[in-house]
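Visitor: Need a 3D model of the sequence below.
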Amino acid sequence: MQYKFYAFLSRMRYITRWGLMRNTFPENIQEHSHQVAVLAHGLALIRRDILGLEADPERCATAALYHDASEILTGDLPTPIKYYNPEIKHAYKQVERVSGEKLLSMLPEQLRDSMAPLIFEEDPVSRDIVKAADKLSAHIKCIEELKAGNLEFVSAAQQTCRALKEMALPEVDWFMANCLESFGRNLDELE
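Guide: Down below sits the predicted model:
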């Protein structure tokens with residue numbers, strides 16, 4: 001029997017994000033998942049090593065790699081639709097769950113229990129960190145688009161910044177105060 005899980009994951013590069021907006025730099029969910037994994041790992045390190053709070057950086061990074069895996073089957077539903085009202089949000093969460101279960105069924109039985117917590121982000125601390133990294137990735141996308149002169153992302157930048165602050169996670173606050181400004185700089189300015 002051929003297991004299709006990893007073949008489906010390789011198709012993440014074909015699913016674009018920000019479909020309702022003009023993008024200077026197109027982004028797919030494979031690229032996005034990598035960035036979220038790096039950010040989640042960093043946020044977890046900050047939480048654990050700087051703030052002295054509980055976090056598992058490796059688990060956060062791994063969960064982040066799979067956080068949008070369900071979109072392989074569903075596509076990337078734009079945020080204004082996904083969160084339009086509580087009923088749609090709940091229904092979409094159910095669709096994501098079914099998609100995740102279908103993906104898990106494409107793995108050998110022996111791997112499913114190990115992968116399920118990553119696909120479904122079951123650990124509360126890891127889930128919050130991955131969610132924050134996902135929002136942070138969206139905010140960084142906005143910063144980069146604005147840096148390129150794309151004013152289409154002005155309100156998205158404001159919304160994502162506000163959402164990050166509302167999360168009230170100390171590791172996010174630390175990152176925003178100490179790392180975020182660098183994303184608006186060019187290579188020479190980073191030197």
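Visitor: gap between the residue nearest the centre of the chain and Ser105?
Guide: Among the residues of the chain, Asp134 comes closest to the average C-alpha position under Cα atoms, centre = their mean, at 2.9 Å. Using Cβ to Cβ, to the nearest Å, we find Asp134 at a distance of 25 Å from Ser105. C-beta: built from backbone N, CA, C; applies to glycine.
Visitor: again with Ala132
Guide: For Ala132, the distance to Ser105 under the criterion Cβ to Cβ works out to 30 Å.
Visitor: which one of those two has more residues nearby?
Guide: For Ala132 versus Ser105, the count of surrounding residues by other Cβ atoms under 10 Å is larger for Ala132: 24 against 12.
Visitor: Can you verify the more buried one is assigned to a strand?
Guide: No. According to DSSP: H, G, I helix; E, B strand; the rest coil, Ala132 belongs to no strand; its state is helix.
Visitor: so it makes contact with Ala168?
Guide: No. At 10.2 Å, Ala132 does not count as touching Ala168 under the criterion of Cβ atoms under 8 Å.
Visitor: which stretches of the protein form helices?
Guide: 5-9, 29-45, 57-65, 71-74, 79-82, 86-104, 109-119, 124-147, 154-166, 170-178, 187-190 (DSSP state H).
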